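[1] A predicted structure for the sequence below; I have some questions about it.
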Amino acid sequence: MKIICLVKFVPDTEKFEYDYETDKIDRDASKLILNPDDKNAVAFAMRQKKQDPSTSIEIVTMGPMKLEEEMKDFVRLGADHAVLISDRRFAGSDSLVTSRILARYLETTSFDLLLTGTHTLDGGTGHVGPQIAELMGINQFSTIVAIPEVTREFSIVEALQEEKTYRLKIKNPSVLSVTHQMNLRLGFVRYENIGKNVDDHFSLVTNDTLQLPLDAIGGKGSPTKVRKNVVVKREQVAHKVVKVDDEGIEEVVHFLKEKGYV
């Protein structure tokens, strides 16, 4: 069985750089982290491979060249292959164009199951999974909180929709968009594998490979036009440590009452 995980590295909400001239996040200068929903997709795939070593895992992302080592770490962690789709001509792509680019790559390979996150910290539209499925003509479902069973032929999933949990059987190949509510843990690269050469298991894909028309990618090909972004800045709040005694407990209770929690 082959599983492809589509992941996205998003700006750390605590450490990002905003370019006010272009009205965009500077992804090259910002610290990027693996999106929480996507992390659960990879963790599930790794768990499947542990249960069945014949399972093949490929991790795919679209982003800047600086993500090369992060992608290679997935191989060092246990994935069979990692693919970085990167091209400056892709800059400014909205969710539709991003889906178009990813679908074009996916058409060049085979898979039984495609896993991705439902939402991302820097967007949250939830469009990419369903759009890829529509472009490729395969089944899909989003907001998945558990995958009790998966085979080459089908997947059993539990999805949260409007405060209700639904259990479904979906024919594969399919696109399953999971959420961080799966609460799966993704391990770390073992000490002996840090810095291991995995070049033979890594691929860089540009538009020279995909051959998409230039007017169908990037900002030029994107129908979504953002009029204005609003940057929300978090205020730093001082932490206070209290002792675990009557005086400390009383101080905590007073604080909770003051804030209206009790």
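    Perfect, I can see it now.

[2] any chance you could read off phi and psi for the nearest residue to residue 71 once chain neighbours are set aside?
    Nearest residue to residue 71, sequence neighbours excluded (C-beta to C-beta, 6 or more residues apart in numbering): residue 82, at 4.1 Å. Any C-beta I mention is one placed from the backbone N, CA and C, and that applies to glycine too. With angles defined as degrees, to the nearest 10, residue 82 sits at phi -130, psi 140.

[3] pretty sure residue 82 is touching residue 59, no?
    Yes - in this structure, residue 82 is within contact of residue 59 by C-beta atoms under 8 Å, at 4.8 Å.

[4] Quick check: neighbours shared by the two?
    71, 74, 75 (C-beta atoms under 8 Å, 6 or more residues apart in numbering).

[5] Let's see if you can find the most crowded of these.
    residue 74 (29 neighbours; other C-beta atoms under 10 Å).

[6] residue contacts, that one?
    Neighbour list for residue 74: 42, 59, 82 [criterion: C-beta under 8 Å, 6+ apart].

[7] one step back: number of residues surrounding the residue nearest to residue 71?
    By other C-beta under 10 Å, the residues close to residue 82 number 27.

[8] bridging residues for it?
    Beta bridges link residue 82 to residue 59, residue 202, judged by DSSP bridges.

[9] so what's it up against?
    So residue 82 contacts 58, 59, 60, 71, 72, 74, 75, 198, 201, 202, 203 (C-beta under 8 Å, 6+ apart).

[10] How about residue 75?
    59, 81, 82, 198, 201, 202.

[11] The same query, at a cut-off of 10 Å, please.
    By C-beta atoms under 10 Å, 6 or more residues apart in numbering, the residues touching residue 75 are 57-59, 81-82, 189, 193, 196, 198-202.
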